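J.: 3D, please:
(chains A and B)
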Amino acid sequence: MNRPERLLDRLPEWTRSIRFRYTLLYSAVLFGLAAVVLAAIYLVLLMALQATPVSAGRRTFCPYGECITLITFREAERLINTQTLNKLRFYFIGGLGTLFVASLGVGWVIAGRVLAPIGRITSVARDIQATDLSRRIELPGPEDELKQLADTFDAMLARLDAAFAAQRQFVADASHELRNPLAIIRTNVDVALADPDASPDDLRQTITVVKRAGDRMSLLVDDLLALARRQQPTLEHEPVDLGAAVAEASEDFVVPAAARRIVLDRAIAEGVVVTGDREALKRVVANLLDNAVRLAPEGSRIRLATGSERGRAWIAVADEGPGIAPEDQAHVFDRFWRADKARSRADGGAGLGLAIVRQLVESHGGEVRLHSKVGVGSSFVVWLPIARPAVEPAKR
Amino acid sequence: MRVLVVEDEADLADAVARGLRREGYAVDVAYDGDEALEKAAVNAYDLVCLDLNLPGIDGIEVVRRIRADGEGQPPRVLMLTARDRTVDRVVGLDEGADDYLVKPFDFDELKARVRALLRRDAGRSGALLQVGDIELDTARHEARRAGRHLALTPKEFALLHYFMSRAGQVLSQEDLLEHVWDENADPFTNTVRVTVMTLRRKLADAGAGQPVETVVGRGYRLREEP
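T.: Okay, the predicted model is just below:
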């Protein structure tokens, strides 16, 4: 920053404004054009009138003591021409000078008028920056370039506002979800510590409860991190064998499913290749299966299938109940939403699984759909853009 | 003093109940709003510790209904909430809650707030309760008569506490059972009589005269003046 002070920096502030430069440019152009036009007229006249100075063939005639200068008629004409041209030059230069001054004034006023909305936009934007994002510029006037600029700002502010609001909501939700297990840990520890004659069994019970709450918190933190990470573009972008990834993700659920006597049917097409992040896609499948295995009735059947159709790859997870009520279907992908708060909490779900699914799928340019009927079952279908279709469907 | 803990997190509800029981309160637990309203309709609670976020009927609604259809004196309500936005607490307090605690809380603070709320009934401002020559320190859990320490069991302490907070009033066996014992007490045993008896013996051993008198056919009364 130790640059020598430049000439521009030493000028007063108003000379650095666009208005000033605009005015200078305007009057320079006007002055230049006028000067060229006037100079051209002058030169043309000069050449046409041949106004050479009258002095060469001048004679003096003194018949009666008084002398008079004799010139020819031609010479007289040239003399008048010269005088006219001189006068013309004088007026031209004067006119140009006046024009220059006038154009500076007019340019200053016009530039001011044109730039006034920008000043308004700037001052409102500065205000918004200092206060809150809920304000808008709302520039009045016709649909011109500056109005478009202001409207673009407004749209950007609306998006920022929404993004910040969503972020705040997310943080509030997350802290709310973390408070409950924290309260469990603190209260149980406080109560156990306050009891001088707690038996080893009591303490063991307390430790079990604390561990359970701790597990819940670490699950929740994992999920929150997964969501937060998704907000940065760190996803891989590489060809993924969808069948292999899905099969791999489903392996983890064979044992938990069997523990609840749930049959996990897998119909995985081979050779479907999508572009994206392998771990993220595995997480999508894992979250869907996790919900199904936790919530489906014991002894039921869960079907996991993949394939490709009309240029898109799909993954489907279908269970046999309990199903989701129509009014709740719009909310299942919301963060921290639960169909039955008491039951799902006890089951260890944080309410983030499906939000993560939707976010990951959408970041792959796909979409996730839910078809559900209470008492019959739910099926989640994930559609993804395809890189290479299935060779042939294979049953596993 | 009888307390109802309403909390859908079973691990938290049970710990709060355990901690409060050790303080000598008779504690019942409800795990959702419906259960809370059922219990509040049947039993006369002195205080309800209420989580605002409940499945089924919301905590705010529970406060409203407890306040609305309570016969006699409605219980004090202490809200436990994981929501830290001011607006939630304002709504809760406006609907009739007496105090609130934001989760996670220090259990000592919970105990102190419970004591403070229960004191309001007796119109006192400190943790120290005094009737005649009997002194009760509810914070330290110490009882004295004429300066001499009384070795009381938690139940006896709770019974004395209840007597002292309603000094001069005649309290029936049912009243005592309702406010000093929890829902697990068998109303057909003579547990109330036995506990009153042991308490009276310990009081008599420490000083002159018997402050807890029997009102025949109606119950017991703690004399305000010796």
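
J.: Need the outlier residue of chain A, farthest from its centre.
T.: residue A:64 (100.1 Å; CA atoms, centre = their mean).

J.: What are the contacting residues of stretch B:63-76?
T.: Residues from elsewhere that reach stretch B:63-76, judged by CB atoms under 8 Å, 6 or more residues apart in numbering or on different chains: B:4, B:37, B:40-41, B:44-48, B:50, B:77, B:79, B:92, B:95-99, B:117-118, B:120-121. In short, each C-beta sits where N, CA and C put it, glycine included.

J.: Could you list which of those residues belong to strands?
T.: B:4, B:47-48, B:50, B:77, B:79, B:99 (DSSP state E).

J.: Which ones among the residues you listed also lie next to chain A?
T.: Among the ones in strands among the contacts of stretch B:63-76, no residue lies close to chain A (CB under 8 Å from any CB of the partner chain).

J.: ok, of the residues you listed, which one's closest to residue A:277?
T.: residue B:79 (44.1 Å; CB to CB).

J.: The residue nearest to that closest one when sequence neighbours are not counted: neighbour count?
T.: Nearest residue to residue B:79, sequence neighbours excluded (CB to CB, 6 or more residues apart in numbering or on different chains): residue B:100, at 4.0 Å. Neighbour count of residue B:100, defined by other CB atoms under 10 Å in any protein chain shown: 20.

J.: so residue B:100 touches residue B:80, yeah?
T.: Yes. Using CB atoms under 8 Å, residue B:100 is in contact with residue B:80, at 7.5 Å.

J.: so what's the residue farthest from the centre of chain A up against?
T.: Contacts of residue A:64 (CB under 8 Å, 6+ apart): none.

J.: what about it, which SS state?
T.: coil (DSSP: H, G, I helix; E, B strand; the rest coil).

J.: What parts of chain B come near chain A?
T.: So chain B meets chain A at B:8-12, B:15-16, B:18-19, B:22, B:31-32, B:53, B:55-56, B:80, B:82-85, B:102-108, B:110 (CB under 8 Å from any CB).

J.: quick one: which of those sit in strands?
T.: If you go by DSSP E, these have B:80, B:102 in strands.

J.: Can I have the buried ones of the residues of chain B next to chain A as a ChimeraX selection?
T.: Those of the residues of chain B next to chain A that meet the burial criterion (16 or more other CB atoms under 10 Å in any protein chain shown) are gathered into one ChimeraX selection, given here:
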select /B:8,9,11,12,15,16,18,19,31,32,53,55,56,80,82,83,103,104,105,107,110
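
J.: Any idea how far apart the tips of stretch B:132-146 sit?
T.: End-to-end span of stretch B:132-146 (CA to CA, to the nearest Å): 9 Å.

J.: What lies in contact with it?
T.: B:23-24, B:112, B:115, B:118-119, B:127-130, B:149-150, B:152, B:157, B:160-161, B:164, B:203, B:206-208, B:211, B:223-226.

J.: swap in stretch A:212-220?
T.: A:174, A:177-178, A:181-182, A:184-185, A:188, A:348, A:350, A:352, B:11.

J.: coming back round to it: what remains of the contacts of stretch B:132-146 if I keep only buried residues?
T.: Buried among these by 16+ other CB under 10 Å: B:23-24, B:115, B:118-119, B:129, B:150, B:152, B:157, B:160-161, B:164, B:203, B:206-207, B:211.

J.: The stretch 151-300 of chain A against chain B: which residues are in contact?
T.: A:172, A:175-176, A:179-180, A:182-188, A:190-191, A:194-195, A:206, A:209, A:212-213.

J.: Show only the entries of those found in helices.
T.: A:172, A:175-176, A:179-180, A:182-188, A:190-191, A:194, A:206, A:209, A:212-213 (DSSP state H).

J.: Quick check on those residues: which are buried?
T.: A:176, A:179-180, A:182-188, A:190-191, A:206, A:209, A:212-213.

J.: domains of chain A?
T.: A:7-131, A:146-213+A:221-228, A:236-385 (automatic domain parsing).

J.: what ranges do the strands span in the stretch 51-200 of chain A?
T.: Taking DSSP state E, counting those that start in this stretch, the strands of the stretch 51-200 of chain A run over residues A:59-61, A:68-70.

J.: Just put those strands in CSV and tack on mean pLDDT, mean neighbour count and distance to residue A:364.
T.: Supplementary listing: these in CSV, determined by pLDDT from 0 to 100; neighbours: other CB atoms under 10 Å in any protein chain shown; distance: least, CB to CB, whole Å:
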stretch, mean pLDDT, mean neighbour count, distance to residue A:364
strand A:59-61, 73, 9, 105
strand A:68-70, 76, 10, 102
